[in-house]
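In: Coordinates only, no sequence provided:
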């Protein structure tokens, strides 16, 4: 064992700069009349009291960071309730208020808090709600019930509990599965559907079976080894997302999805692998032909190849070719999903947003709001 270093304070041994405590005892005194006296800290060291200053400062700092985790409050102006669906499962429902017909926002791997920035901007023309699916955030986390049909049934039961008649459903990621199932099986329950880059048909398979997507190792260095996330605080993590992906998650969403460490840094991801696997296993192919309600579908189009080349800076012709192949396959996948939706729902309104992130309502919020406001106006 390495001998600890010695500090200048009376030769007190040091470990990583901290005085070596001989004994630390926390005790609480109780007076004769039962009143609780002050909690006090007894520390005995072989140094003078001045040597305890670094430890006390660290103790105070850790306490303040811990309090910061516990005392943070969601600034979004919504009401929160837990709505029972079935088998003791309760789903978190956010209510931002508003005037007009109901709009219900559905997410995928995110909670309803991911809409904290978008939702208030829709309240001028709709009463806006958001549902956190089972397995995430403050909603129940049962061992089963994660198929697309199960999730759609959960949504319908929330609509019943809230007495919402023919709401407009808007969904991102797995929320698109909810839209497709409900729109096809229960078209009489909804007034319209808005796909937020979530109209995907898993039955389409590869774009071209003879062309394989390039391996990660073939792509430019900036894609192979992206910058490591800065999780020193939730603010730093939000800024990392902005700098590297052009989007900023509402802080409430990050705090729902990640633990807060005692020092205020971002901790482990809270959505279990079991839940994620169950959601993927339960995916369903959409039956667009059975949808009989108005549909708005927004698709995120990747940045142009020229812009991607400037950003990722391929160093060899092969890296440039791999980047071009990936770009071509991305465009082809979007086109195939658009065609499948058009064939099933001939009257669908499709809007492509260039250089958008999959979280299209975060990267292109103004565009999404414009299209949703126009869609709602047409349904009045």
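Out: In hand now; what should we look at? These numbers come from a predicted model, not from an experiment.
In: Could you measure from residue 310 over to residue 216?
Out: 20 Å (Cβ to Cβ, to the nearest Å). For every residue, glycine as well, the C-beta is placed using N, CA and C.
In: repeat for residue 96
Out: Distance, residue 96 to residue 216, using Cβ to Cβ: 40 Å.
In: Could you do residue 250 as well?
Out: 30 Å.
In: Please say which of those two ends up with more neighbours.
Out: Set residue 250 next to residue 216 and count neighbours by other Cβ atoms under 10 Å: residue 250 wins out with 22 against 10.
In: My read is that that one contacts residue 113, right?
Out: Yes. Residue 250 lies in contact with residue 113 (Cβ atoms under 8 Å); the separation is 5.9 Å.
In: which residues are common contacts for the two?
Out: Counting by Cβ atoms under 8 Å, 6 or more residues apart in numbering, the contacts common to residue 250 and residue 113 are residue 76.
In: got the contact list for stretch 200-209?
Out: 176, 283-286, 288, 329, 332-333, 336-337, 340-341.
In: quick one: it to chain centroid distance?
Out: 26 Å (Cα atoms, centre = their mean, to the nearest Å).
In: try stretch 82-89
Out: Counting by Cα atoms, centre = their mean, stretch 82-89 comes out at 22 Å from the chain centroid.
In: Okay, residue 92 and residue 144: tell me how far apart.
Out: Look at residue 92 and residue 144: by Cβ to Cβ, they are 19 Å apart.
In: who's more crowded, those two?
Out: residue 92 (23 against 13).
In: quick one, what contacts the more buried one?
Out: 80-83, 111-112, 131-132, 137-139.
In: can you pull out the helices in the protein?
Out: 53-71, 148-162, 175-185, 221-224, 234-245, 251-257, 273-281, 305-312, 317-344, 360-363, 365-379 (DSSP state H).
In: how about these in JSON lines, adding distance to residue 292?
Out: Listed next are the helices of the chain as JSON lines, based on distance: least, Cβ to Cβ, whole Å:
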{"stretch": "helix 53-71", "distance to residue 292": "48"}
{"stretch": "helix 148-162", "distance to residue 292": "16"}
{"stretch": "helix 175-185", "distance to residue 292": "8"}
{"stretch": "helix 221-224", "distance to residue 292": "42"}
{"stretch": "helix 234-245", "distance to residue 292": "37"}
{"stretch": "helix 251-257", "distance to residue 292": "33"}
{"stretch": "helix 273-281", "distance to residue 292": "27"}
{"stretch": "helix 305-312", "distance to residue 292": "39"}
{"stretch": "helix 317-344", "distance to residue 292": "11"}
{"stretch": "helix 360-363", "distance to residue 292": "25"}
{"stretch": "helix 365-379", "distance to residue 292": "14"}
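In: low pLDDT regions in this protein?
Out: Across the chain, the ranges flagged by pLDDT under 70 are 1-68, 207.
In: if we go to 50?
Out: Low-confidence segments of the chain (pLDDT under 50): 1-65.
In: domain ranges for it?
Out: Annotated domains of the chain cover 5-71, 79-220+266-379 [automatic domain parsing].
In: Just tell me which of those ends up closest to residue 237.
Out: Of all those, domain 79-220+266-379 sits nearest to residue 237, with 5.0 Å by Cβ to Cβ.
In: Next, the buried residues of stretch 277-294.
Out: 278-279, 282, 284, 286, 288, 291, 293-294 (16 or more other Cβ atoms under 10 Å).
In: which one among these gets closest to residue 121?
Out: Of those, the one sitting nearest to residue 121 (Cβ to Cβ) turns out to be residue 294, at 21.1 Å.
In: Might one say that the closest one is in contact with residue 375?
Out: Yes. Taking contacts as Cβ under 8 Å, residue 294 lies within contact range of residue 375: 7.4 Å.
In: Between those two, which contacts overlap?
Out: With Cβ under 8 Å, 6+ apart as the test, residue 294 and residue 375 both reach 192, 349.
In: Identify the residues contacting the closest residue to residue 294 other than its chain neighbours.
Out: Counting by Cβ to Cβ, 6 or more residues apart in numbering, residue 294 lies nearest to residue 192, which is 4.4 Å off, once chain neighbours are set aside. Contacts for residue 192 (Cβ under 8 Å, 6+ apart) come out as 168-169, 293-296, 375, 379.
In: Residue 192 bridge partners, please.
Out: Judged by DSSP bridges, the bridge partners of residue 192 are residue 168.
In: how close does it sit to residue 208?
Out: 34 Å.
In: follow-up on the earlier one: need the winner for burial among the helices of the chain.
Out: helix 175-185 (a mean of 24; mean count of other Cβ atoms under 10 Å).
In: Contacts only, for the residue nearest the centre of the chain.
Out: Geometric centre of the chain, nearest residue: residue 110, 3.6 Å, by Cα atoms, centre = their mean. Counting by Cβ under 8 Å, 6+ apart, residue 110 makes contact with 136, 172-173, 253, 257.
In: switch the cut-off to 6 Å
Out: residue 253 (Cβ atoms under 6 Å, 6 or more residues apart in numbering).
In: Begin at 22 from now on, thanks
Out: I'll keep to 22 as the first residue from here, and by that count the last item is residue 131.
In: related to what we said a few turns ago, and the contacts of residue 213 as a markdown table, adding distance to residue 382?
Out: A markdown table is the format used below for those (distance: Cβ to Cβ, whole Å):
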| residue | distance to residue 382 |
| --- | --- |
| 189 | 14 |
| 190 | 14 |
| 314 | 21 |
| 315 | 19 |
| 316 | 17 |
| 317 | 13 |
| 396 | 14 |
| 400 | 19 |
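In: hmm, which two among the contacts of stretch 221-230 are most spread apart?
Out: Top of the distance list for these (Cβ to Cβ): 305 and 350, 23.9 Å.
In: pretty sure residue 375 is in contact with residue 321, am I right?
Out: No. Counting by Cβ atoms under 6 Å, residue 375 stays clear of residue 321, with 8.8 Å between them.
In: Could you check which of the two is surrounded by more residues?
Out: More crowded of residue 375 and residue 321, by other Cβ under 10 Å: residue 321, with 20 against 12.
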